[in-house]
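Enquirer: Predicted structure and sequence below. I'll ask about it afterward.
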Amino acid sequence: MNLNKIHKMLEQKVDIILTNYCMPEMTGYDLLKAAKEQSSKKTNPVIIMSSENEPQRISMCRAIRAKDFILKPLRTNDVLRLRDYSQPTILPPKMGTKRKMALESIAAEKSGSKQRIRLAELAVA
């Protein structure tokens, strides 16, 4: 992946950047540096994954503001943490038929929320 692809990716609406540390053309550290340099106003959370538990590598990524460094294989708690890092868009409840609206209202009241959360589209670069 070259820097032009990274810049194009960052121009899109992205909730979270999840990358492997070891990649063919660059490391996750290089991608993290490019992402932090490119996005001047709002930085998206960057999470790096690796199957190698190397403290120096983890510290290096954390030093330039990696949101997290996850060791593979992923566990359930890791996936739940990923969800917490995203910045979801809040959408109003769906409108529909009276019956459908009534069922959705009941479900929303039970869950304590009248809004649905939607993440941006998945982009793979």
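Expert: Sure, I can see it.
Enquirer: quick one, strands of this protein?
Expert: Ranges of strands in the chain, per DSSP state E, are 17-20, 46-50, 68-71, 89-91, 116-118.
Enquirer: looking at those strands, which has the lowest confidence?
Expert: Note on the strands of the chain: lowest mean pLDDT is at strand 116-118, with a mean of 48.
Enquirer: so what's the nearest residue to Asn53 once chain neighbours are set aside up against?
Expert: With CB to CB, 6 or more residues apart in numbering as the criterion, Asn53 has its nearest non-adjacent residue at 5.6 Å, and that residue is Leu71. No exception for glycine: its C-beta is placed from N, CA and C like everyone else's. Leu71 sits next to 49-51, 53 when contact means CB atoms under 8 Å, 6 or more residues apart in numbering.
Enquirer: Is it possible to mark the buried ones in these?
Expert: 49-50 (16 or more other CB atoms under 10 Å).
Enquirer: Reformat the contacts of Leu71 as a markdown table; add distance to Lys5.
Expert: As requested, those are exported to a markdown table (distance: CB to CB, whole Å):
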| residue | distance to Lys5 |
| --- | --- |
| Met49 | 19 |
| Ser50 | 21 |
| Ser51 | 24 |
| Asn53 | 29 |
